[in-house]
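A.B. asks: Model the following, please.
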Amino acid sequence: MKKLDKRPDERYPAKAGASYVVFIFNGVTESGKTAEYNVETDTGKNEVLGTIGWFGRWRCYSFDPWPGTTFEKTCLRDIADFCERLTREHNERVRARRRGAK
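C.D. replies: Got it, this is the predicted structure:
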């Protein structure tokens with residue numbers, strides 16, 4: 001499987017100038033197969049809103065909000081788009097690995 005080419009604490013803005021959230025890479029899981037991210041406000045205060053990680057039963061990345069957080073449609077859409085992108089990239093790595101094993 002292709003290694004995740006990311007550094008801890010690397011920032012991934014949702015969209016330039018259009019969002020209020022940023023995604024912070026935390027590292028990979030113990031298995032090394034999936035990544036974990038913090039979702040934070042883009043205000044520079046490092047306020048964590050929740051985490052994004054692999055949810056095995058659903059076979060996709062999912063958002064786990066922290067208690068007491070509230071979201072509006074733009075932030076939710078940006079978080080969903082990021083989860084979908086991570087899932088798509090993960091599935092592409094898995095397919096490439098399977099093709100290489102044949």
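
A.B. asks: alpha carbons only for contacts and neighbour counts from here, please
C.D. replies: OK.

A.B. asks: could you pull out the strands for the protein?
C.D. replies: Residue ranges of the strands in the chain, as given by DSSP state E, are 11-13, 21-28, 35-41, 48-55, 60-65.

A.B. asks: And for the third one, what's in contact with it?
C.D. replies: So that's strand 35-41. Contact partners of strand 35-41, identified using Cα atoms under 8 Å, 6 or more residues apart in numbering, comprise 4, 20-29, 46-54.

A.B. asks: picking that back up, lowest average pLDDT across the strands of the chain?
C.D. replies: Mean pLDDT per stretch puts strand 11-13 lowest among the strands of the chain, at a mean of 71.

A.B. asks: one step back: for PyMOL, write the select line for the buried members of the contacts of strand 35-41.
C.D. replies: Command for PyMOL, covering only those of the contacts of strand 35-41 found buried under the criterion 16 or more other Cα atoms under 10 Å:
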select buried, resi 20+21+22+23+24+25+26+27+28+48+49+50+51+52+53+54
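
A.B. asks: Redo the strands of the chain as CSV? Include distance to Arg77.
C.D. replies: Output for those, formatted as CSV (distance: least, Cα to Cα, whole Å):
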stretch, distance to Arg77
strand 11-13, 13
strand 21-28, 11
strand 35-41, 13
strand 48-55, 14
strand 60-65, 12
